[in-house]
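[1] Kindly generate the corresponding structure for this input.
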Amino acid sequence: MANKPNIRFEGFTDDWEQRKLGDQMYIKSRIGWQALTRDEYLEAGDYYLITGTDIDESSHTVDLKRCYYVSKERYEMDDKIQVREGDIIVTKDGTIGKVAMVTGLDKPATLNSHLFVLRDLSGNLDNRYLLQMLNSHIFDAFVNSTKTGSTLTGLPQKTFVEFQFPVPSFEEQKRVSGFFDNLDNLITLHQRKCDETKELKKYMLQNMFPKNSEKKPEIRFAGFNDNWEQRKFGDMFERRMERNGGQFDNTRWISVAKMYFQEPDKVTSNNIDTRTYVMRKGDIAFEGHPNSDFKYGRFVENDIGDGVISELFPIYRHIDNYDLNYWKYAIQLERIMQKIFVQCIEISYTSSNKLDEQSFLKESILVPTIEEQKKIGEYFKELDNHITLLQRKCDDLNELKKYMLQNMFPTKG
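    Predicted coordinates for the structure are as follows:
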């Protein structure tokens, strides 16, 4: 194994040493359940019971708010697995190799039988460096190697203690762990912003469209006060069955499920002309299948451009003034469309979902004026763009972390 990383902080030039995890390391786990049963998990108490499901994998900490509790007698039964502030825990069964540090411990804590607790006894290993090492590709490779050709479903302690990892000086450990701590905090911050924005979108979707029996939404833009108008789908849409006459090739094949142009080499249709329908920008297609994520089917609006889709998907086109962005969200609201789908979908003998076209066109929904449609559509478009930017930033930071983990620790030569 190489003795130096590809990337390191200025001023550090010495070779790194190899250390075996079992050397000068306190490693303990509960011996079986020690007769501890699920019935003894308490909703409240003075002694935490930490389990693998309490690990927050984004921050690599134990979320104490998720923990159950055990009685004082159960806590005192085994002092070897009584957990301290700063201890590291690792799952050894089920999902093997989940790692977290115990922080913010305000009550005594113990473990269930699926975890190791680790505590350095040497005095020359930074525990946050150890946390990052156990979250690195080096430990991942070790865990995966223990599974190869094995029928084991867990990580035995006799195997775990053999894990070898590179260790620099204590000062360099602190610099490395500090770098990754800052990077993790940045990732957590951006992911939280992304999640909060998604929650905002969910909230606004619930409140910027009228709820059942209401004719106005609870939240709307200034200047709009009128009731929304009840309109039949047949007055707004018509079924389109435009065949492809050679104008579009397999580079314009639209994946209805995800609404993007499918890669040409993955298009499996044997006749792209007579067995496909033309779908124009702004058209909506009904996607229904019993094995999909959408119990009642769903409509998908084309916002990527003209192309072709399979004849299996019915296409509908707006016949009056409309805003594409507004309808993109309105037709995906389950509370608006579910009742309509239930009434208009027939389950055939082949168990495929089929939309009853005539029944669908007779159904009606509440629709705002075109001016309000544009306001709502633009708002959600900007919100989606913001979510995309935040998620891209999270992805970029995670890729950066992955790269730095691979280059700030020595790897096998």
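
[2] And the helices in the stretch 101-250 of the chain?
    Remark: helices assigned in the stretch 101-250 of the chain by DSSP state H, counting those that start in this stretch are 127-134, 137-147, 157-160, 170-207, 233-236.

[3] Give me whichever of those helices is most buried.
    Neighbour counts (mean count of other Cβ atoms under 10 Å) averaged over each of the helices of the stretch 101-250 of the chain peak at helix 127-134, with a mean of 22. C-beta here means a position set from N, CA and C on the backbone, and glycine is covered the same way.

[4] hmm, back to that, in JSON lines, list the helices of the stretch 101-250 of the chain along with distance to residue 224.
    Formatted as JSON lines, the entries for these read as follows, by distance: least, Cβ to Cβ, whole Å:
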{"stretch": "helix 127-134", "distance to residue 224": "53"}
{"stretch": "helix 137-147", "distance to residue 224": "54"}
{"stretch": "helix 157-160", "distance to residue 224": "63"}
{"stretch": "helix 170-207", "distance to residue 224": "14"}
{"stretch": "helix 233-236", "distance to residue 224": "20"}
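
[5] Averaging pLDDT over each of those helices, report the lowest-scoring one.
    Lowest mean pLDDT of the helices of the stretch 101-250 of the chain: helix 137-147, a mean of 86.

[6] Please list the residues outside it that contact it.
    Contact with helix 137-147 is made by 96-97, 99, 133, 152, 155, 159, 163, 165-166, 402, 405-406, 409, 411, as judged by Cβ atoms under 8 Å, 6 or more residues apart in numbering.

[7] tilt between it and helix 127-134?
    If you take axes from the mean of the first three to the mean of the last three Cα atoms, to 10 degrees, helix 137-147 sits at 50 degrees to helix 127-134.

[8] Just the CA trace of helix 137-147, in CSV.
    The C-alpha atoms that make up helix 137-147 are tabulated as CSV, following Å, rounded to 0.1, in the frame of the first residue of the first chain:
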residue,chain,number,x,y,z
HIS,A,137,-13.8,3.7,0.5
ILE,A,138,-11.0,1.9,2.3
PHE,A,139,-13.4,0.6,5.0
ASP,A,140,-16.0,0.0,2.3
ALA,A,141,-13.6,-2.2,0.4
PHE,A,142,-12.7,-4.1,3.6
VAL,A,143,-16.4,-4.8,4.4
ASN,A,144,-17.1,-5.9,0.8
SER,A,145,-14.1,-8.2,0.9
THR,A,146,-15.5,-10.0,4.0
LYS,A,147,-18.7,-10.8,2.0
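
[9] Next, the buried residues of stretch 209-221.
    Of the residues in stretch 209-221, those buried by neighbour count under the rule 16 or more other Cβ atoms under 10 Å are 209-210, 217, 220.

[10] can I get the CA coordinates of it in PDB?
    Included here for stretch 209-221 are C-alpha records, laid out as PDB according to Å, rounded to 0.1, in the frame of the first residue of the first chain:
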ATOM      1  CA  PHE A 209     -55.000  25.000  -5.800                       C
ATOM      2  CA  PRO A 210     -58.600  24.800  -4.400                       C
ATOM      3  CA  LYS A 211     -59.200  22.000  -1.900                       C
ATOM      4  CA  ASN A 212     -62.200  19.800  -2.000                       C
ATOM      5  CA  SER A 213     -65.500  21.700  -2.200                       C
ATOM      6  CA  GLU A 214     -63.700  25.000  -2.400                       C
ATOM      7  CA  LYS A 215     -63.700  27.300  -5.400                       C
ATOM      8  CA  LYS A 216     -60.700  29.400  -4.400                       C
ATOM      9  CA  PRO A 217     -57.200  28.400  -3.200                       C
ATOM     10  CA  GLU A 218     -56.100  29.500   0.200                       C
ATOM     11  CA  ILE A 219     -52.900  31.100  -1.100                       C
ATOM     12  CA  ARG A 220     -53.000  33.200  -4.300                       C
ATOM     13  CA  PHE A 221     -51.300  36.200  -5.900                       C
END
